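1. Structure for the following, please:
(one chain, ligands or ions: 2)
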Amino acid sequence: MTDNQDRITIRRPDDWHVHLRDGAMLAAVAHFTARQFARAIVMPNLSPPVTSAASAAAYRDRIIAALPEGADFTPLMTCYLTDDADADDIASGHAAGIYTAAKLYPANATTNSAHGVTDVTHIMPVLERMQTIGMPLLVHGEVTDGEIDIFDREAVFIDRVLEKLIRDLPGLKIVFEHITTEQAVQFVDSAGPNIGATITPHHLHINRNAMFAGGIRPHAYCLPVAKRERHRLALRKAATSGSASYFLGTDSAPHEIAAKQSACGCAGIFNAPYALESYAAVFAEENALARLEGFASEHGPDFYGLPLNEGRVTLERIDGSIPDQIESSGSTLVPFHAGSALPWRLAAD
Ligand code: DOR
Ligand code: ZN
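-> Ligands and ions are numbered 1, 2, ... in the order given. Below is the predicted model of the structure:
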């Protein structure tokens, strides 16, 4: 396989980190993810958050109802951990096949995280149970201490929280979500096979300058924020290395255009419509197209202990422009790469 090739066929991929929202926004975005991916880990930061197995099952039903007729897509549900999370409810939700994993949002770290965990020590009994039953913990890895510079919050989280967590619970499977720093790459590379990490397309494409290119750019703002160029390069190296520790997680996080273009705009980049094309561009630029399948379709299921998908998808090297805006079910959304071009297209089924 060479990287001048103009077609690549890979096993159908999964998205190990997505925000599908609820109500009108769910109707507007679900089909984009279902077109690109066979399964997705659906984040539970709704308002109110998904904190019980019953609410996760009801949310799963709403997602399935929002899919286009005949869509072949499985939402994998997560539990939003709070200080008073109940180990029994979480374990029984996992045993019943409702929960695939549980998500740790440090309180106030990001969108709808006010109910998140104020201190990991409060949920140790839950984490011990998750370790016992083999249920993965998904971590938004940023400290929320206002004294810590926003660009340092991930690195400080590693030092203050993650290092100790993996010492105390060496058997707990942890996904360090949407990593953005070379410190995170070093941490994952030196940890054992119980630690994985997702990497978004946007953190592979943009560095922090993108938020300020000629003016303030709300559509390049997400959390964790993009960092310096050297961090982006470390992420590209990790994603394209072939290491089984890294897998695809878009963190596609749609917000209405008015909520982004505001005096206090929401964090989140909506990349679902062209996510695979966006990743393929990076892998091709890094001469690593042969490793796209591992990252997109194999490392994630292997980490989660789930079967690989049977279908295949084809990407073709065709220059295509990305629209400035997408209108869908009454919502107006600005996609990642809006107004520019990507050299790949997912072939129609
Ligand atoms: O940019 C982000 N948006 N980061 C997150 O952690 C949450 C997400 C959202 O839900 O909007
Ligand atoms: Zn997210």
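2. switch to C-alpha atoms for all contacts and neighbour counts from now on
-> Noted.
3. so what secondary structure elements neighbour whichever strand or helix holds residue 232?
-> Using DSSP states H and E, residue 232 sits in helix 229-239. Identification of packing neighbours for helix 229-239 by 3 or more C-alpha pairs under 8 Å, 6 or more residues apart in numbering; DSSP states H and E yields helix 182-190, helix 201-205, strand 246-248.
4. chain center to that helix: distance?
-> Here the centre of helix 229-239 is set off from its chain's centre by 17 Å, with C-alpha atoms, centre = their mean, to the nearest Å.
5. which of the residues in it are buried?
-> 229, 231, 232, 233, 234, 235, 236, 237, 238, 239 (16 or more other C-alpha atoms under 10 Å).
6. Over to stretch 209-223?
-> 210, 211, 218, 219, 220, 221, 222, 223.
7. How about stretch 328-345?
-> In terms of neighbour count (16+ other C-alpha under 10 Å), stretch 328-345 has its buried residues at 331, 332, 333, 334, 335, 336, 337, 338, 342, 343, 344, 345.
8. can you tell me the distance between the two ends of that stretch?
-> One end of stretch 328-345 sits 20 Å from the other (C-alpha to C-alpha, to the nearest Å).
9. Kindly report the same for stretch 100-120.
-> From its first residue to its last, stretch 100-120 covers 20 Å (C-alpha to C-alpha).
10. Ok, stretch 223-231 next?
-> Note: stretch 223-231 ends 15 Å apart using C-alpha to C-alpha.
11. Likewise for stretch 248-257?
-> End-to-end span of stretch 248-257 (C-alpha to C-alpha): 26 Å.
12. Provide a list of residues in contact with residue 49.
-> If you count contacts by C-alpha atoms under 8 Å, 6 or more residues apart in numbering, residue 49 has them with 80, 112, 115.
13. Now do the helices in this protein.
-> Taking DSSP state H, the helices of the chain run over residues 23-36, 53-66, 87-95, 124-133, 153-157, 163-168, 182-190, 201-205, 229-239, 257-260, 275-285, 292-293, 299-304.
14. what's the spacing between the worst-scoring helix or strand of the chain on mean pLDDT and its chain's center?
-> Least confident helix or strand of the chain, by mean pLDDT, DSSP states H and E, is strand 320-321 with a mean of 92. Distance of strand 320-321 from the chain centroid (C-alpha atoms, centre = their mean) equals 24 Å.
15. Most neighbours of all the contacts of residue 49, which one?
-> residue 80 (26 neighbours; other C-alpha atoms under 10 Å).
16. From ligand 1, how far off is that residue?
-> For residue 80, the distance to ligand 1 (C-alpha to the nearest ligand atom, to the nearest Å) stands at 12 Å.
17. Could you do residue 328 as well?
-> Residue 328 sits 18 Å away from ligand 1, going by C-alpha to the nearest ligand atom.
18. in terms of contact, does that residue touch residue 30 like I think?
-> No. Between residue 328 and residue 30 there is no contact under C-alpha atoms under 8 Å: 10.4 Å.
19. Reformat the buried residues of helix 229-239 as JSON lines; add distance to residue 15 and pLDDT.
-> Shown next, in JSON lines, are the buried residues of helix 229-239 (distance: C-alpha to C-alpha, whole Å; pLDDT from 0 to 100):
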{"residue": "229", "distance to residue 15": "25", "pLDDT": "98"}
{"residue": "231", "distance to residue 15": "22", "pLDDT": "99"}
{"residue": "232", "distance to residue 15": "20", "pLDDT": "99"}
{"residue": "233", "distance to residue 15": "22", "pLDDT": "99"}
{"residue": "234", "distance to residue 15": "21", "pLDDT": "99"}
{"residue": "235", "distance to residue 15": "17", "pLDDT": "99"}
{"residue": "236", "distance to residue 15": "18", "pLDDT": "99"}
{"residue": "237", "distance to residue 15": "20", "pLDDT": "98"}
{"residue": "238", "distance to residue 15": "17", "pLDDT": "99"}
{"residue": "239", "distance to residue 15": "14", "pLDDT": "99"}
